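[1] Whatever this is, show me its structure:
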Amino acid sequence: MPVHPTAIVDPSAKIHPLAEIGPWCMIGADVEIAARTRLMSNLVIEGPTVIGEDNVFFPFSTVGVASQDKKYRGERAETRIGSRNSIREFVTIHRGTERGGLVTSIGNDCLLMTYTHVAHDCRIGDHVILGNSVGLAGHVVVEDWADISPFSGIHQFCRIGRHAFIGPYTVIKQDVMPFSLTSHQPEAQVFGANAVGLSRRGFEKSSIEALQTAFRLLTRANLNTSQAVERIREELPPCPEVDHLLEFIASSERGVVKG
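    Model prediction:
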């Protein structure tokens with residue numbers, strides 16, 4: 001039975017016939033759930049929320065509920081979740097606010113582990129992993145393939161670059177550079193490129209070596225960021241990954257984690 005008899009589903013919700021709504025779930029108005037998405041049990045989903053195909057929501061998660069931002073005044077805001085995501089137990093995902101564009105979004109093929117919190121107006125890309133008890137404050141951007149280890153906290157308005165890896169128990173207060181390996185010691189700092197993750201994802205050895213050199217210049221050469229960027233442009237051959245790294249640094253509004 002696609003909708004369990006103990007589930008409470010608002011008449012305006014649009015549930016695909018191939019979706020599965022388990023026992024004791026509460027689905028509010030303006031919720032759309034696509035084919036083969038499974039809500040195991042005891043979930044609360046408020047709208048407006050749009051959820052794609054082939055997701056699995058484990059028990060006791062809440063999705064699309066009102067933000068904890070004290071400036072939120074009940075304006076109509078929404079939550080968007082793509083396809084093939086795994087949302088584990090006790091995850092909380094809050095809807096957007098007017099200040100942040102009225103949308104909280106999660107892409108495709110992501111894993112949000114137990115007790116993860118995704119605050120208002122966060123934008124999470126594809127293939128992202130958020131470890132147990134990771135907390136994203138409002139307006140955080142997490143780019144594709146980023147991996148944030150358990151018990152880490154991300155300050156509001158920070159960006160996490162694509163293919164970045166953040167170690168456990170790390171507090172992030174500035175943007176995390178793409179392709180980097182960042183952890184705490186005791187403050188967050190960069191320990192080079194995320195070489196293992198990049199290698200597993202098929203990046204060329206020459207690109208990984210170029211990134212390692214770029215990170216050494218940024219973090220270990222006693223140069224400020226502007227001087228390091230100039231040296232990188234002078235000394236390294238053309239490399240799309242390094243170019244993206246430099247573009248990310250140039251567009252940062254909070255500065256980047258270096259250590």
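[2] Surely Ile154 touches Val140?
    Yes - using C-beta atoms under 8 Å, Ile154 is in contact with Val140, at 5.0 Å. Heads up, the C-betas are built off the backbone N, CA and C, glycines and all.
[3] Looking at those two, which one has more neighbours?
    With neighbours defined as other C-beta atoms under 10 Å, Ile154 and Val140 compare such that Ile154 has more, 25 against 22.
[4] how much space between that one and His244?
    Going from Ile154 to His244 by C-beta to C-beta, to the nearest Å gives 20 Å.
[5] show me where pLDDT drops low in this structure?
    In the predicted model, the chain carries pLDDT under 70 at residues 1.
[6] Would you mind finding the longest helix in it?
    Identified as the longest helix of the chain according to DSSP state H is helix 205-219.
[7] name the helices or strands packed onto that one?
    Where contact means 3 or more C-beta pairs under 8 Å, 6 or more residues apart in numbering; DSSP states H and E, helix 205-219 is packed against strand 188-193, helix 195-200, helix 225-235, helix 240-251.
[8] Please enumerate the shared neighbours of Ile154 and Val140.
    Common neighbours of Ile154 and Val140 (criterion: C-beta atoms under 8 Å, 6 or more residues apart in numbering): Ile160.
[9] hmm, back to that, return the set of buried residues in the longest helix of the chain.
    Buried residues in helix 205-219, counted by 16 or more other C-beta atoms under 10 Å: 207-208, 210-211, 213-215, 217-219.
[10] still on that earlier bit, which of the helices and strands packed on helix 205-219 sits most buried?
    With neighbours defined as mean count of other C-beta atoms under 10 Å, the helices and strands packed on helix 205-219 peak in mean count at strand 188-193, which reaches a mean of 20.
[11] Okay, now the sheet partners of that one, with direction.
    Under the criterion DSSP bridges, strand 188-193 sits next to strand 180-184 (antiparallel) in its sheet.
[12] So what angle separates the directions of the longest helix of the chain and strand 180-184?
    Counting by axes from the mean of the first three to the mean of the last three C-alpha atoms, to 10 degrees, helix 205-219 lies at 40 degrees to strand 180-184.
[13] quick one: helix 205-219 to helix 240-251, angle?
    For helix 205-219 and helix 240-251, the angle between their directions (the same axes, to 10 degrees) works out to 30 degrees.
[14] Outside of helix 205-219 itself, list whatever touches it.
    With C-beta under 8 Å, 6+ apart as the contact definition, helix 205-219 has outside contacts at 177, 179-180, 189-190, 192-193, 195, 198-199, 223, 225, 228-229, 231-232, 235-237, 239-242, 245, 258-259.
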